[in-house]
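> Next input, structure requested:
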Amino acid sequence: MARSNEKGFTLIELMIVIVIIAILAALAIPKFMRATTKSKQSEAKQILKQIYAMQHAYRQEYNSYCCNGASASAGSSIPVLGVDVMVTARYTYVITAAPNTFTATATANLDDDPDIDTWIINDTGDLSCTVNDANSLAL
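Okay, here's the model as predicted:
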């Protein structure tokens, strides 16, 4: 049988294209997930810096830090400090305070794995991530 002049792709050509797309997706999806998680972490940094600033303003006026045990999550606030947490917030914020020191902690599970993303700021302004949920994602 002679092959006719039909236009189109062979099965092998289609399989090669599918394999290439699968390889590209396998490389791109983890990087996208990591970038998404890092952008979610900016929420914690922003609110913790706001808590830090408001704690120092409170201490200037009352000579001590406030709100030991105060917490806030999506759609709530810490009224004494004037800190409002957005309705779409992913983190829960907790303040531990004494007259001369405080620590504010933000925690969230950003990608439904066992790791809980944890950020802490203290009275000296040191902002650190003690458990980085983004590190649990593949590069």
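> Show me the shaky parts of this protein.
Scanning the chain for pLDDT under 70 picks out the ranges 1-4, 135-139.
> Tell me where it has helices.
11-62 (DSSP state H).
> how far away is K45 from M86?
Going from K45 to M86 by CB to CB, to the nearest Å gives 14 Å. Backbone N, C-alpha and C define where each C-beta goes, glycine included.
> These two: which has the busier surroundings?
Ranked by neighbour count (other CB atoms under 10 Å), K45 and M86 place K45 first, with 15 against 11.
> Tell me who's in contact with that one.
119, 127 (CB atoms under 8 Å, 6 or more residues apart in numbering).
> check contacts around the most centrally placed residue in the chain.
Centroid-nearest residue in the chain, with CA atoms, centre = their mean: Q41, separated by 2.6 Å. Neighbouring residues of Q41 by CB under 8 Å, 6+ apart: 110, 117, 119, 129, 133-134.
> will you turn these into JSON lines that also has distance to A26 and neighbour count?
JSON lines is the format used below for the contacts of Q41 (distance: CB to CB, whole Å; neighbours: other CB atoms under 10 Å):
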{"residue": "L110", "distance to A26": "21", "neighbour count": "24"}
{"residue": "D117", "distance to A26": "25", "neighbour count": "24"}
{"residue": "W119", "distance to A26": "30", "neighbour count": "23"}
{"residue": "C129", "distance to A26": "27", "neighbour count": "16"}
{"residue": "D133", "distance to A26": "21", "neighbour count": "23"}
{"residue": "A134", "distance to A26": "19", "neighbour count": "19"}
